[in-house]
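Q: next comes the sequence, and after it the predicted model I'd like to discuss.
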Amino acid sequence: MREVLKTNNPVLLNYAQVLLADAGIEAVVFDTHASVVDGSLGILPRRVMVADAQQARAEAILRDGLKTVPDGDRFLGGRITIRQPEQGFRSGLDAVMLAAAVPARDGDTTLELGAGVGVASLCLAARVEGCAVTGVEIDAALTERATANAFANDLVATFVTADVFALPAELRRDFTHVFCNPPFHGADGETSPDAARARALQDDGKLADWLTTGLKRTISNGTFTAILRADRLAEALAALPDRGVTLFPLWARAGEPAKRVILRVAKDSRAPLAMLPGLVLHESNGDYTDAADDVLREGGALLPPSP
């Protein structure tokens, strides 16, 4: 076998494997066990190996696939460029606000349920250097794109293809912070003819399952954070503990009803439910307010740490 890549960057390693698999080239990663035995936690480089006859083609594929940052939508004032599907559901402001509300710190472990192409996870990784970010997404094509987006932006995050309600064994553990942007619509309403968009937007009456699954995967004294439609707040609160809950409304403009609410639960907290002042997104002329601009373009945090 021949070496075509040597790296200790787990995102680069994952993306290289995706590129080769898409091209029908079988690759084997060497030195993984040596890294674990040595206790290096990824410090030792690992080698991607292919059959001798595939070396030239594999090297060409990696050269073309790894050399450029893809064009796409820009977030955090251009610090992150995300390639998204042209059809179907596309992440935007909600994902950035969600990431900004997660009170992660260096060394924390975080899990996003329903990561899509990775916008929220990568915004969090960009804001909090040193936190371990994992995203779960049921659509394998989106998982691959999220992995590619992480590499293109030189950010470390791991994306796994799985059903959030049937997580693989390695993810059935506790995380410091869990977060999600669950489908906004319930079982009622018109369903999109685009299957991927319908799955992203309609929860088939499972909002409570999204919330309880997220809270279950959160460590004691950790946090679970979600962004929801404001008119589904009663449904969400009914599924959650009556203590440790913080609500943070998002208003499109001052004086208008909030359409989105960020909900955060400090697991096992005894603090009573708190409604924070919230955030107005737009001035009367349509420009972002300074506070919103700080989050959307400067990468600022949205909520204070949990008590």
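A: Structure's in. What do you need?
Q: what about the helices in the stretch 201-307 of the chain?
A: Assigned by DSSP state H, counting those that start in this stretch, the stretch 201-307 of the chain shows helices spanning 207-216, 233-238, 290-296.
Q: which neighbouring elements make contact with the first one?
A: For helix 207-216, the packing partners by 3 or more CB pairs under 8 Å, 6 or more residues apart in numbering; DSSP states H and E come out as strand 109-113, strand 175-180, strand 218-229, helix 233-238. Glycine gets a C-beta too; all of them are placed from N, C-alpha and C.
Q: now for the ones you listed, which one comes closest to Gln17?
A: Ranking the helices and strands packed on helix 207-216 by proximity to Gln17 (CB to CB) places strand 109-113 first, at 21.2 Å.
Q: next secondary structure element downstream of the closest one?
A: Of the helices and strands lying after strand 109-113 in sequence (DSSP states H and E), the nearest is helix 119-127.
Q: run the chain-centre distance for that next one.
A: Put simply, helix 119-127 sits 7 Å off its chain's centre (CA atoms, centre = their mean, to the nearest Å).
Q: need the winner for burial among the helices of the stretch 201-307 of the chain.
A: Neighbour counts (mean count of other CB atoms under 10 Å) averaged over each of these peak at helix 207-216, with a mean of 19.
Q: need the residues that contact that one.
A: 113-114, 164-165, 178-180, 182-183, 186, 203, 224, 226, 228, 232, 235-236, 238-241, 265, 267 (CB atoms under 8 Å, 6 or more residues apart in numbering).
Q: to Glu129, which of the helices and strands packed on helix 207-216 lies closest?
A: Closest to Glu129 of these is strand 109-113 (CB to CB; 12.8 Å).
Q: run the chain-centre distance for that closest one.
A: For strand 109-113, the distance to the chain centre is 7 Å (CA atoms, centre = their mean).
Q: please apply the same query to stretch 123-131.
A: That offset, for stretch 123-131, works out to 11 Å (CA atoms, centre = their mean).
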